[in-house]
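A.B. asks: A predicted structure for the sequence below; I have some questions about it.
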Amino acid sequence: QVQLVESGGGSVQAGDSLRLSCVASGLAFSSSSMGWFRRAPGKERESIARIIYSGNKTYYADSVKGRFTISRDNARNTVTLQMNSLKPEDTAVYYCAARKLGEATYDYWGQGTQVTVSS
């Protein structure tokens, strides 16, 4: 049974930083691509950062490029999202997701963690 557990969300002021972590279990983590997504109130879910199984390639949405950094530690089955220079428009529920090797979609999701940025 695959489990993804996020932590690190909270309420901060604009310009602050937060670090989200996601620990995976029941998954061949080192061969899975990992991603962070978010859903803001009244908006569709948005892919914001992805990292391939080896950690050698990352992808970012334009909205977070230069401010957010995704990384992974395959020895600890952990993926992290470092969020700097937070803006009120970053307010959302953030989700960690996993895509197994050879699969086209992210099929495994965490429960989400709330990030609220006030101006």
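C.D. replies: Arrived safely, thanks for sending.
A.B. asks: So the residue nearest the centre of the chain: helix, strand or coil?
C.D. replies: Nearest to the mean C-alpha position of the chain, by CA atoms, centre = their mean, lies Trp36 at 2.5 Å. Secondary structure assignment for Trp36 (DSSP: H, G, I helix; E, B strand; the rest coil): strand.
A.B. asks: residues contacting it?
C.D. replies: By CB atoms under 8 Å, 6 or more residues apart in numbering, the contact list for Trp36 reads 20, 22, 47-50, 68, 70, 79, 81, 94-97. For the C-beta atoms, the positions are set from N, CA and C on the backbone; glycine is no exception.
A.B. asks: and these, which are buried?
C.D. replies: Buried by 16 or more other CB atoms under 10 Å: 20, 22, 48-50, 68, 70, 79, 81, 94-97, out of those.
A.B. asks: nearest to Gln111, of those residues?
C.D. replies: Within the buried ones among the contacts of Trp36, proximity to Gln111 (CB to CB) peaks at Tyr95, which comes in at 8.0 Å.
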